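K.L.:
here is the input, now give the coordinates:
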Amino acid sequence: QVPLVESGGGLVQPGGSLRLSCAAPERTFSSYAMGWFRQAPGKEREFVSAISWIFGGTLYADSVKGRFTISGDYAKNTVYLEMNSLKPEDTAIYYCAASRTLSTEESEYNDWGQGTQVTVSS
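P.N.:
Coordinates of the predicted model:
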């Protein structure tokens, strides 16, 4: 099991920015791809973005392309999700997750953080 801890959520106005962080144990990134998912009230959890140093790539949901950027600090074992031009529809609980493969599919991710709330509202 891979313990993951998210932070950085909060309340932001439309058009604003937030950066989420996900801390993982040492050497996680050498074995796992890391993803961000979100779940809005009354909706299913959905894929947001993912990154893999093993497979050397990133993935984004169409709804966040051009606004969100996923990155990571390999030495600090931390993955980031930089969110810009936030919209009310980005309001959700954001979860960090680990997978053995770079994927958009929730079923491929076996280890999850507790989530951090992001609220976009004026």
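K.L.:
so Y95 bridges to which residues?
P.N.:
Y95 forms beta bridges with F37, as assigned by DSSP bridges.
K.L.:
offset the numbering so it begins at 7, please.
P.N.:
Yes, from this point I'll number from 7; that puts the last item at Y101.
K.L.:
give me the neighbour count for it.
P.N.:
Using other CB atoms under 10 Å, Y101 is surrounded by 23 other residues. In this view, the C-beta of every residue, glycine as well, is placed from N, C-alpha and C.
K.L.:
wasn't F35 part of a helix?
P.N.:
Yes - read with DSSP: H, G, I helix; E, B strand; the rest coil, F35 is one of the residues of a helix.
K.L.:
just the pLDDT for it.
P.N.:
At F35, the model reports a pLDDT of 86.
K.L.:
equivalent analysis for Y80, please.
P.N.:
At Y80, pLDDT is 87.
K.L.:
likewise for K71?
P.N.:
So, for K71, pLDDT stands at 97.
K.L.:
if I look at it, how far off is S91?
P.N.:
Look at K71 and S91: by CB to CB, to the nearest Å, they are 11 Å apart.
K.L.:
now swap in P9 and tell me
P.N.:
Distance of P9 to S91, computed by CB to CB: 32 Å.
K.L.:
nearest residue to the residue nearest the centre of the chain other than its sequence neighbours?
P.N.:
Compute the mean C-alpha point of the chain, and by CA atoms, centre = their mean the closest residue is W42, 2.4 Å away. Nearest non-adjacent residue to W42, counting by CB to CB, 6 or more residues apart in numbering: V54, 4.3 Å away.
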